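Undergrad: Sequence first, predicted coordinates after that:
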Amino acid sequence: MRLDREKRARTEELEGFTYSVSHDLRAPIRAIDGFTRILSEEYGRQLDDEGRRILNIVRMNTQKMGELIDGLLALSRIGREPMRTAEVDMTELAQTVFEGQRGTIEPGREVSFHVIEPLPAAHGDKRLIAQVFENLISNAIKFTRNRKKAVIEVGAEILPNEHVYFVRDNGVGFDMTYAHKLFGTFQRLHAVTEFEGTGIGLATVRRVIQRHGGDVWAESKEGVGATFYFSLPKQEYRKAS
């Protein structure tokens, strides 16, 4: 019990520090972005090609930094905000999340999305669990980009004390040697030039599931696809943090 309290205290302290630092960085980053935009719009013609190229690099990296800060703020809020738990229709939630992301699918792509039988209901914070599906489904859409026909499946297994849900795709996959890095903050297994992203999404998934007393893991084979799992304890077994 004492170790659990100490671990929780350290987590809360780290989340508070992350929130404070990220929040304080937003103003100067926005100022840099604003001034470089003005410089580009009002003085761009006075710059030579090299000057405009450098200015564009500054703007691009400023915007990336802004995205990282927003991601860190969102991640820190997960542990700071109170959870509002209730029964969650996981089938409806997964389908709603996918429909909300249809607009991110490039024109001409064929993406098949399927929920394998009705998913067992979960007990948790619907808003937070939606973030789990949003990150996992958006990743599945992104990493199947090179497939002629992308296939994304959501399913579940009912165990005595918990439900295990998964999101499976037939995308590029990853080397299981590096699976332990997947859910860390800023960890990426693919170059940003291949697949965009901040490296915060899966860390968000892990933190949400941790707050519900569950676990996350993944399995994959390069060139074949990946499956991401998360467990949610049944209500009578749940120990949220």
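TA: That came through fine. Predicted model only: the values in this text are computed from it and were never measured. Residues are numbered from 1 along each chain as shown.
Undergrad: quick one: low-confidence parts of the chain?
TA: Residues of the chain that meet the criterion pLDDT under 70 lie in 1-24, 186-198, 236-241.
Undergrad: Now stretch 88-104: buried residues?
TA: Val88, Met90, Thr91, Leu93, Ala94, Gln95, Val97, Phe98, Gln101 (16 or more other CB atoms under 10 Å). Glycine gets a C-beta too; all of them are placed from N, C-alpha and C.
Undergrad: so what's the residue positioned nearest the centre of the chain up against?
TA: Nearest to the mean C-alpha position of the chain, by CA atoms, centre = their mean, lies Gly201 at 2.0 Å. Gly201 is in contact with Gly71, Asn135, Ser138, Asn139, counting by CB atoms under 8 Å, 6 or more residues apart in numbering.
Undergrad: what's the domain layout of the protein?
TA: 2-80, 86-237 (automatic domain parsing).
Undergrad: Give me whichever of those is most buried.
TA: Mean neighbour count, computed with mean count of other CB atoms under 10 Å, is highest for domain 86-237 among the domains of the chain, reaching a mean of 17.
Undergrad: show me where this protein has strands.
TA: 85-88, 110-115, 122-125, 149-158, 162-169, 216-221, 225-233 (DSSP state E).
Undergrad: Please spell out which residue in the protein sits farthest from the middle.
TA: Gln46 (41.1 Å).
Undergrad: distance of it from Thr36?
TA: Using CB to CB, to the nearest Å, one gets 15 Å for the distance from Gln46 to Thr36.
Undergrad: Skipping adjacent residues, who's closest to Phe133 in space?
TA: Take Phe133 and drop its neighbours on the chain: the residue closest to it by CB to CB, 6 or more residues apart in numbering is Val97, 4.2 Å away.
Undergrad: what's the answer for Lys126, then?
TA: In this structure, Lys126 finds its nearest non-sequential neighbour in Val88, 4.8 Å apart by CB to CB, 6+ apart.
Undergrad: With Leu39 instead?
TA: In this structure, Leu39 finds its nearest non-sequential neighbour in Leu55, 6.3 Å apart by CB to CB, 6+ apart.
Undergrad: Check Thr96 too.
TA: Closest to Thr96 by CB to CB, 6+ apart is Ala130, at 7.9 Å.
Undergrad: need the contact list for the one you found.
TA: Leu93, Thr96, Val97.
Undergrad: Repeat that for Leu47.
TA: Residues counted as contacts of Leu47 (CB under 8 Å, 6+ apart) are Leu55.
Undergrad: quick one: it from Thr36, how far?
TA: Distance, Leu47 to Thr36, by CB to CB: 12 Å.
Undergrad: what is in contact with those two at once?
TA: Leu55.
Undergrad: picking that back up, export the contacts of Ala130 to JSON lines and append columns for distance to Thr62.
TA: Formatted as JSON lines, the contacts of Ala130 follow (distance: CB to CB, whole Å):
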{"residue": "Leu93", "distance to Thr62": "35"}
{"residue": "Thr96", "distance to Thr62": "34"}
{"residue": "Val97", "distance to Thr62": "30"}
